[in-house]
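Novice: Here's my sequence, what's the structure:
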Amino acid sequence: MQKTAVVTGAAQGIGNAVAIKLLSEGYDLALCDVNGEALSNAEDQMKSRFPSRRVTSMRCDVSIREDVRRFRNAVVDEHQTDSIEMLVNNAGIVGGVSFFVDSEEHWLKTFDVCWNGVYNCTREFRSNLVAAELAHIVNISSANGYWASSSFNTPLSAYSTAKFAVKGFTESLLVDSRLYARNIKPVLVMLGQVSTRLSGNSASYLGLKQPTDMSEDELMAVQRTTVDPMRSMPISEFRNALQNSLFGENSSAPTTPKQAAQEIWKAIERDEWRVVVGPGARLLDSAVRADPDSAYEEGFITKLIQERDAAVET
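Specialist: Numbers count the residues shown, from 1 in each chain. Take a look at the predicted model:
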C-alpha cells in the first residue's frame, strides 16, 4: 500500500530535507509552508527528482486552524486517501525573545506557530492518522525544549515556551496512543543548531525591518537587548553583524538539514520515540540532566563551552 506523509514548513531547511528523505524512502508527500513561492519551487524540484512519487503542496499558516483544515481537506482530495502514514510537525519561527521587552504580538505569533501549529495539524489530521495501519507523528522540538535560553542571560521566551509544550505534548501521546491509538507512534525530535535561515524567515513572517533599513536609533534599541561582543560593537559594525545573523544562513552550525533529516529517519527506523540531533544539543541535554539547579547560571555555560571545545580537540 502506498504511504503518504504530511510535512509542514517544507519549503526550506529541515522540513525540506525531511521531505526529500521521505520521498527517497517511498512516501508520497503533501507539503505546506507559509512561503508560497518557495514552496512551489520546492515542489517542482522534488517532482523533478522523484517523478514516480506524488507531491502536492498548499500555502498554509499552521497557526490558523481554518488554514490547516483547508490543507487537510486538500490532502484527502488530491491524494485520494483517508489515511496518512506520517505527520511531520516542523513549521516554526523565532520571535518574542523577551516576555518583558518584546511586543505581545510577536510573542503570541511565535507561540502560535511553534505550539498551536503542532496542535492544529495533529488535531485536524487525527482521524487520518488513526485510519492508517501504522502512522508516525514526528514533532520537531528543540534543545530549547529543555533549556529555555539561547545563552547565559539571553532569553528566548516565546520559542522556548512553545518547544517545552511540544515536548510535553509528544511525551503525553506516548501513553495516550498506547491506550487509544495503538497504530500511532509519536516521535520527539530535540534539535540543536542546524544551518538554516530560520531567523531571517521568522523576521519576514513577523514583519520586522531588515537591519539595513533601520535608523540608528532603532539599531541602538536592538543592540541594548544583546550581549557582548555584539553589544559593544560600533553601530555600523553591529548593523552588518545583525543583518548577517538574521538574514544569512547559519553556516557555522555543526549540523546540516540533510544530516538532521537522516538522524530523524534513523530514529523512526529504530522505533525510537526520542532523538536529540546535533552534538551541541546532546551535550546540553546531558548537562541539564546532570545539574538542573545550575542550568541558568553563568558557570554552567562556561563549563559547557569548555566541554564542547575539549570534545572537538579530541
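
Novice: make it CA atoms for all contacts and neighbour counts henceforth
Specialist: Fine.

Novice: distance from the centroid: which residue in the protein tops it?
Specialist: In the chain, Pro234 marks the outermost C-alpha relative to the chain mean, sitting 32.7 Å out by CA atoms, centre = their mean.

Novice: which stretches of the stretch 101-250 of the chain form helices?
Specialist: 104-111, 117-124, 126-131, 157-180, 198-205, 216-223, 235-247 (DSSP state H, counting those that start in this stretch).

Novice: helices and strands around the longest one, which ones?
Specialist: Read it as helix 157-180. Judged by 3 or more CA pairs under 8 Å, 6 or more residues apart in numbering; DSSP states H and E, helix 157-180 is in contact with helix 104-111, strand 135-142, strand 184-191.

Novice: circling back to that earlier point, relative to Asn240, how far out is the residue farthest from the centre of the chain?
Specialist: Going from Pro234 to Asn240 by CA to CA, to the nearest Å gives 10 Å.

Novice: What of Ala253?
Specialist: Remark: distance between Ala253 and Asn240 (CA to CA) = 19 Å.

Novice: and what of Cys121?
Specialist: 38 Å.

Novice: pLDDT weak spots in this structure?
Specialist: 152-153, 197, 199-200, 203, 208-209, 225-228, 242-252, 308, 311-314 (pLDDT under 70).

Novice: domains of it?
Specialist: 3-196+254-313, 208-248 (automatic domain parsing).

Novice: what would these look like in CSV with distance to Ser202?
Specialist: As requested, the domains of the chain are exported to CSV (distance: least, CA to CA, whole Å):
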stretch, distance to Ser202
domain 3-196+254-313, 5
domain 208-248, 9
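
Novice: Of those domains, which stretch is the most buried?
Specialist: Highest mean neighbour count among these (mean count of other CA atoms under 10 Å): domain 3-196+254-313, with a mean of 19.

Novice: contacting residues around stretch 35-54?
Specialist: By CA atoms under 8 Å, 6 or more residues apart in numbering, the residues outside stretch 35-54 that reach it are 10-12, 16, 20, 23-24, 26-29, 31-33, 55-59, 79.

Novice: can we see that at 6 Å?
Specialist: Contact with stretch 35-54 is made by 11, 28, 59, as judged by CA atoms under 6 Å, 6 or more residues apart in numbering.

Novice: same check, this time on stretch 154-165
Specialist: 94, 96-98, 107, 111, 114-115, 141, 144-145, 148-149.

Novice: And the furthest pair within these?
Specialist: Ser98 and Ser141 (19.5 Å; CA to CA).

Novice: Tell me which stretches of the stretch 1-150 of the chain form strands.
Specialist: Counting by DSSP state E, counting those that start in this stretch, the stretch 1-150 of the chain has strands at residues 3-8, 27-33, 55-59, 86-89, 135-142, 149-151.

Novice: one step back: look up how far Glu216 lies from the residue farthest from the centre of the chain.
Specialist: The separation that Pro234 has from Glu216, given CA to CA, amounts to 11 Å.

Novice: do Ser202 as well
Specialist: Taking CA to CA, one finds Ser202 at 22 Å from Glu216.

Novice: Show me which of the contacts of stretch 35-54 is closest to Asp67.
Specialist: Closest to Asp67, out of all of the contacts of stretch 35-54 and judged by CA to CA, is Arg59, at 8.6 Å.

Novice: Okay, and the beta partners of the closest one?
Specialist: Asp33 (DSSP bridges).

Novice: distance of it from Ala38?
Specialist: Distance from Arg59 to Ala38, by CA to CA: 10 Å.

Novice: ditto for Pro254
Specialist: In terms of CA to CA, Pro254 sits 25 Å off from Ala38.

Novice: Same question for Met230.
Specialist: Distance of Met230 to Ala38, given as CA to CA: 31 Å.

Novice: Please produce JSON lines containing the strands of the stretch 1-150 of the chain, extended by distance to Gln210.
Specialist: Listed next are the strands of the stretch 1-150 of the chain as JSON lines, based on distance: least, CA to CA, whole Å:
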{"stretch": "strand 3-8", "distance to Gln210": "26"}
{"stretch": "strand 27-33", "distance to Gln210": "22"}
{"stretch": "strand 55-59", "distance to Gln210": "24"}
{"stretch": "strand 86-89", "distance to Gln210": "28"}
{"stretch": "strand 135-142", "distance to Gln210": "26"}
{"stretch": "strand 149-151", "distance to Gln210": "21"}
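
Novice: Minimum distance to Asp176: which of the helices and strands packed on helix 157-180 has it?
Specialist: Nearest of those to Asp176, taken as CA to CA: strand 184-191 at 9.7 Å.

Novice: quick one: contacts of that closest one?
Specialist: Residues from elsewhere that reach strand 184-191 (CA under 6 Å, 6+ apart): 135-143, 273-277.

Novice: Closest one of the residues you listed to Arg70?
Specialist: Nearest member of the contacts of strand 184-191 to Arg70, counting by CA to CA, is Ile137, at 19.7 Å.
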